[in-house]
Each structure stands twice: as C-alpha cells, then as structure tokens.
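Colleague: below: sequence and its predicted model.
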Amino acid sequence: MNKKITIILIVVVLLLTFLFDFSTHFTKVSVGKAESTNYLLLKWGNGENEVGLKGPYEGYWYFGPSTFDVDKQGNVYIVDQLNRRIIEVNQNGEVLKSVNIDKLLFGEDPENLLPVQLIVTDKCMFLKYRYRLSVPISDPTAYYVSIIKDNDIKTLNASELLGRPTDVLMERLANDRIVLVPSIPPEDEPLWKGPKAVIVDDQGKTKVINEIKNGSYDGVTPGINLQHKRYKDTSLYEDTRIEVKDPVTGRDIFVSEPLENGAPIDVFHMRFNGKKAVIMYHTADSWNEEAKTVTTHIAIFGLNPKTEEHYVMVVGNQERKEVLPPPFYYKEDYVLGDDDYYYMMLYTKDGLLISKFEPEVNSTTYQYRFFKFVQNSGKTN
Amino acid sequence: MGGEKVGEKYEKKNKKFYRMEVKNMKKVVLEVFGGISLVLLLSLFSLLFAQKANAMIVGAPYPNPFNPGAGQQTTISFSVDTSQYVTVQIVNQFTAQSGTYNSYTYQNVWNSADTVYYYNEIVKAQVARIYAYANATYYVSWDGTTDKGTSPSNLCQRGKYYFKIIPESYPQYTVFTPVNITQWNADWLAYIRQARTWIGTYPYVASGANTVSRDNGRGTNCTGFVSSVFREMGYNLYYGNFPADGVNVLTTNTSWGGGPYLQYVGQETNYTPSSYTLTKQSNILVWRRTSDGVNDHVTIATYKTSANGWFIIHSSAANNGVYEEVIPSFYYQGYFYPPFVYYWIAIGSGN
C-alpha cells in the first residue's frame, strides 16, 4: 500500500513538474508578413468624419493628428487637434464621441498644441502634450499630462513632477492608471535625484515611486526588461531577449528566445501593456542600398498564452510615394491598444490610415523545449 | 635742463660735500618754469585720457585659461574712478568687441546664400553687481556657468569668453577682458551639453531670414543651430556646399578666425544599425527628403533609449525653436531616406 502511495505521489509530482515546465517552455510562434490590414481610413478635412491636416510646410511636411489609441472594443481615439477635438471612431469610420479640447489649446492657433501620446482607459483619457516654444506660457519646454473625462480636464506638469528629465515616457497601468517615467541621458543617471516614476490615476491623484521592485511600478502590473549585451562600443544589442518578471515574486514569467538568434540588432521602439510586448528593430541588412528599401522587424510577444509573432515591413520608393511626411514631433504612430492588438498610423494621400497587425500567419510553430511542430497555412507571400 | 652748475669739491670733517654755484640765474628760472609748465600740461592731458582709458583698472583673470569642469573658477579684479554700481557679465567671443552686428554668409540647405548676423550674446547676464567705491579694488569670480544651460552642470564649453565690466553710471566706459575655458570634456558629450544650452530658444527661423541667435524672439534655423554649437565650442564649422548628393554638407574654414577646426573624416550613408552606433563625434544627422532627394534638415543626436530610439536636438518649424526629442519611428522605417551620419575629429591647438 505504501509502495502504491509512493508511486502515485512520484507520478503526481512528476506530472506537476511537467505541467509547470510545459507552461513555462511551451511557445506558439506565428510567422507572417506585415501586410497589416487597413483598419480605418478617415479623409482629411473638417467634417464630422474627417480629421484635419495642413501643409505642406517648407514644401514638404504636413501637420495633423500626431497620436491615437485603441480601446478594448477596438474603437480608435484620434487627437484631431486642428479640429480642436479628440474623436472616438469605430471601425466603420462612424464618430461615436467627440471631446472638445479648446481648454488645452493656447490661443487661436491649434498648431500651438503638440499632442504626443494618448492612452484611453475605461474611465478617462490621458493625453501627454507640450506647446510650441514660442507660446507665452510660464513653462514652455515642459511636457503636460491632462486627464480628460468628457469636458472635465485636469492638467499636470509632468516634467515638473518628475524633476525635469529630458523626456517623459507614459505607459498604461492596470486599474485605469498610467505611469510617468523620466527619460534621462545615460551620463546624467548617476546624478539623477528625481523620482523613478509617478503613477497617476483617473482622478489626477499622483503617487511618487522611488523604488521599482521586480520591474513593476505599482507591484501589480509586470514590467518589461530587455536583456542584452552591448555590441562592441556601440548602441547595438546582441543576445537580446525580452524578460518579464512576476511583480510579487520576482520570478521570470516570460523570457523570449534571442531575437535574430542573438545577432546584433538596433532596437528603436518597445511597448508593453502588461499582457503583450512589442519591439521594433533593424538588423545589419535592413538597409538595401541598391533597392533603396528599409526592412523593419516587428516582434510581438504574448504572455498568456505565450505567443510570438514576427513581422517584417519593407518600405521602398513605392511605399514612400503613398505617404505624406509628418513633423518630427509626431511620435506615437505605433500603438499597442487596450484590445492587445498593435496598430499603426500613417498620413496617406487619401486620408489618415489606421492599420492593424493581425497575424496573417504563414506558419505556426508549436514548441516545447526541443520538440517542435510546424503548421503551414498554405498561404504564399 | 640748461644752466651751468659748477661744483667745488671740499672736505669738512672728513666728509665730502658739493657746493653748487649758479652763474646764470635768469636762464635757470625760465627753464625751471618751462619744465613745470610742461609737466603740468602733460599731467592735464594724462588726466583727460585717464578718464577714458582708466575709468577702471582691470586685473587680468586668473587662472586663464581655466577649467570649470574640474571645479576651477577664474577671478578678475577691477576698480572705478567714481563710486557707482558695477555689473559684471560674461559675453561670448563673437560679440564682445562691439555692439554692432557681426555677420557671415553661408549656403543654406536650399542652396541659396544666407547671411547670418550675430549680435550681443550674453552668456551670463550677471556674474556680480557691486556698489564699487572709487579707487577701491574689487574681486569677482566666475565658475564657468551660463544662464542658458539646461544640463545639470550648466557649464560653458571650451572657448573664448569675455568679462564685460559695466559701470552703470558711465556705461560708455565698459571694459572687456578675455578669458578662456579649456576643453573640459573632450568627447562628444561636451558638444551635446553645449547643444542643450540652446533648448527653448525660439522661434524657428525660416530659410532666407538672417538671424542666428540664442535670444528668444530671434532664434535660428536648423543649420544655424548646428553650426553655432560648433562655433561656441571654439571650432570653425559652418555650412558650405549643400548639394543634393549630401557630400561636404558641413565644411570647415580654417582661415576664418584661425584657431582649432574640425576635420571631416567620413560619413555613412546607409540605414543599417551602424548608422546609429556611434555616440562620439559622429552624431550629426542630415536628413534627406524622399520626394526629391534634397537634404532637408540637420540635427544633433544625443542619446538612445530602447523604448523610443535616438533623441535629437534640433531647431524645427513644428516646435518653433530648439528642442530635444526622439526621432519618430516614421523616419526609422525609411519613409525619410536614411540620414547621413557625419564623423568629425577636432584638430588644431586653438587659442
């Protein structure tokens, strides 16, 4: 009897160990091409279903919407500052809501407002912005964050809150909150005396964070870490992996395989919403001198269930002809929406185009440690 | 002097004396009177000149050059003839000698000539303001800081500066005296810090306008900003040819004021990661338009983050001035042609 119990116990332990190991090391990898689907196209103009655009300036660039976000239902929120509003639009292009932002505009010229990033939650919207330097306000170089609930707008001086870093990063946290993180030049980090972060809730209440535990700002939302080695004396990374820790225990809950098999990459964009991580990078052969094309890699990692999606975007002369260049301050043209999909915004000649990255999968690989199963979709690209 | 003086040597109690005997008294009196008149006249002239030239007696700055990055200060001493308030300022090397505009002409990005005018450029508006009593000596120290800075140290970069000592009751007798700051940080960081001292300067000046100034209300364009940063670092760098193929975008002019200059040593024209690898002496990015291949914009890259990529400092129309911000991903993706990345090395001993 004792022998039976011992055997059963051993089997149970082995089974639990296997299940734990499987959950840790099982990965579904989807490989596709980044021919992102056209999710939404809004024409240029000042009509109800249109968004404002001005230009070209200096014979070249255009001024228009500079940021957007997508909510859990897949509705798109666009900061249409030339029409002095933020609009909520569904996939059919129907405007569901329009919020006036006159209170944020300084003077009559809507181009004085430079919106940088929008985060939409169930309770409010957080808009990070600044003003043109010539606008006569007391702190013209600062970033501001406004908490917008219909016509109720509260504003914080984010630069001041964080001790005046070079830039202010804004990320989504759980429970309708955001975190503001200072961006500090590496040489100034040892001297930095400001807070590590400031959490802002939908009421505009702030909480200063002086210590980040297990990569998490609030102890609830996990944080992301880019593990890498520096490639020679450069800003390139090699052996680059995405790592996410459990906010409470500090245990790794996600570690990706090395991107590009560990080869040097140039990372220039990374976002994480607690559930999905997105990273954009170039490789050594991203620029094709002969074809004048640039190949950008996009890797999207899901934590639960564990998934990987890898895309490549190739921009050449044909693609360049289709787009209108935005100003340099235009920042958040790629957004990881609250619905966990990745979206892209482009000024096209036809209007403002929002594209959605959905796995147009050519092949799916199910992998558990050394065991690999590849399933082809039959599509060719 | 005239007059015959005849001396006779004699001895008295073993001591030697001379006795003077004047033979032509009238001539002597006349000559003495003439001499005194001449001295008085010269004194009068010197007094008149002294009022202009020596309203303040300025002791040379010490040490000179000095290194504020190593915690050094330089000290100057001065005095005034008339009791009054005195303000001590620091101005830069381009505008110290006169209140009139200095100018130079360069070829801008649109291949037309731009004339740039510099005018009074105050680096530090008030090092000290003292009520100075006449003929007393006062000492004022400067730690190398500037009013324009936004970096933690706010230190001026390598270059020639001037103490400007302004007697407030008689500002026409303002005196300049030079002081040099040695290069306290030889790497690119020094340039970046200098560039950051421009942040907030507005407006963006469109092509064809002719000011390059830190003063709000005048501002600069992208080319004027980058070249000014180098000039403030004591290097002769200005915009020369700006052809569409991007060659020789920035040139040096060794005859322009002498001193150290930057030597162009290479560029990268591709968008591979290596374009963005260096953080030393290679961070000038020149942007080409995709529609016609024209060089459109120039920026100084500062640092990089994983979340957002490279930061740049530039003077742009959208910001309407000089600001440090990230490069939009739009540009990383090649919708803009890959930027040229320029490598420079500083050579020459300089002043």
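Modeller: Here it is on my side, so go on. Numbers count the residues shown, from 1 in each chain, chains lettered A, B, ... in the order given.
Colleague: just give me the neighbour total for the residue in the stretch 251-351 of chain B that chain A sits nearest to.
Modeller: Proximity of the stretch 251-351 of chain B to chain A (C-beta to the nearest C-beta) peaks at B:Gly334, 2.8 Å away. Using the backbone N, CA and C atoms, a C-beta is placed for each residue, glycine as well. By other C-beta atoms under 10 Å in any protein chain shown, the residues close to B:Gly334 number 26.
Colleague: pretty sure it is in a strand, no?
Modeller: No: using DSSP: H, G, I helix; E, B strand; the rest coil, the secondary structure at B:Gly334 is coil, not a strand.
Colleague: which residues does it contact?
Modeller: By C-beta atoms under 8 Å, 6 or more residues apart in numbering or on different chains, the contact set of B:Gly334 is A:Trp287, A:Thr293, A:Val294, A:Thr296, A:Val315, A:Gly316, A:Arg320, B:Tyr271.
Colleague: by neighbours, which of the residues you listed wins?
Modeller: Within the contacts of B:Gly334, neighbour counts (other C-beta under 10 Å) peak at B:Tyr271, which reaches 28 neighbours.
Colleague: related to what we said a few turns ago, from the contacts of B:Gly334, which ones fall inside strands?
Modeller: A:Trp287, A:Thr293, A:Val294, A:Thr296, A:Val315 (DSSP state E).
Colleague: contacting residues around the closest residue to A:Trp44 other than its chain neighbours?
Modeller: Among residues not flanking A:Trp44 along the chain, A:Leu53 sits closest, at 4.3 Å (C-beta to C-beta, 6 or more residues apart in numbering or on different chains). Counting by C-beta under 8 Å, 6+ apart, A:Leu53 touches A:Trp44, A:Tyr62, A:Phe63, A:Gly64, A:Leu82, A:Leu324, A:Tyr347, A:Leu352.
Colleague: the last one: how many residues sit nearby?
Modeller: Burial of A:Leu352, expressed as a neighbour count using other C-beta under 10 Å, amounts to 25.
Colleague: for the fourth one, same thing?
Modeller: Residues lying near A:Gly64 (other C-beta under 10 Å) number 23.
Colleague: thought A:Met345 was touching it, still the case?
Modeller: No: in terms of C-beta atoms under 8 Å, A:Gly64 does not count as a neighbour of A:Met345; the distance is 9.9 Å.
Colleague: so what sits against both of those two?
Modeller: Shared contacts of A:Gly64 and A:Met345 (C-beta under 8 Å, 6+ apart): A:Leu352.
Colleague: the strands in the stretch 51-200 of chain B, which residues?
Modeller: B:59-62, B:74-78, B:84-92, B:102-107, B:113-118, B:122-132, B:138-142, B:159-167, B:175-181 (DSSP state E, counting those that start in this stretch).
Colleague: need the contact partners of the third one.
Modeller: Just to be clear, that refers to strand B:84-92. By C-beta under 8 Å, 6+ apart, strand B:84-92 touches B:56, B:76, B:78, B:80, B:120-132, B:138, B:140, B:142, B:146, B:156, B:159-170, B:176, B:232.
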